[in-house]
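Q: here is a sequence with its predicted model. Questions after.
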Amino acid sequence: MKQNKFDQKFYLVREDVLPEAMKKTLLAKELIDRGKADSVFDAVQQVDLSRSAFYKYRDTIFPFHTVVKERLITLFFYIEDRSGTLSKLLSVVASGGCNILTIHQTIPLQGRANVTLSLNIAEMEISIDVLLERLRSLEFVEKVEVLSSGA
């Protein structure tokens, strides 16, 4: 039986066994959330973490209370660089009842860009499969991947 690519395993891990970079990522995220850091750059400097490590882990590690309380999903898109594509993409996400938590878009190269969205889907009015189908049907979306899910 083929495993559904949306089925992902999650683990509850004690803090003392986490790598330092993951712990510091959590601290940096907390500084940003609490307004104690004005930017990612400021937060990572305060906790002595590289920005690349922060971006590597930021959408994959969450405090336990956050995942229990909220249903989170991170989507990665390959899109064509056209005027208005990000706006249309976000409109489809919002129309499904998702709360957009973070948006990251790369600089377009050779007519293509990557977009990463972290979403709270606790109040989503449709299934994840329907949302993904709608997103994949957009003419400028080449590919959608589910990077992580706390759903």
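A: Happy to help now that I have it. Residues are numbered from 1 along each chain as shown.

Q: roughly how far does residue 48 sit from residue 132?
A: Distance from residue 48 to residue 132, counting by CB to CB, to the nearest Å: 38 Å. Any C-beta I mention is one placed from the backbone N, CA and C, and that applies to glycine too.

Q: so those two - more neighbours on which side?
A: residue 132 (18 against 10; other CB atoms under 10 Å).

Q: helix/strand/coil for the closest residue to the more buried one other than its chain neighbours?
A: Spatially, and ignoring its direct neighbours in sequence, residue 132 is nearest to residue 144 (5.9 Å; CB to CB, 6 or more residues apart in numbering). Counting by DSSP: H, G, I helix; E, B strand; the rest coil, the backbone at residue 144 sits in strand.

Q: is the residue positioned nearest the centre of the chain in a helix, a strand, or coil?
A: Among the residues of the chain, residue 118 comes closest to the average C-alpha position under CA atoms, centre = their mean, at 2.8 Å. Secondary structure, three-state DSSP: residue 118 is strand.

Q: right, I'll leave it there.
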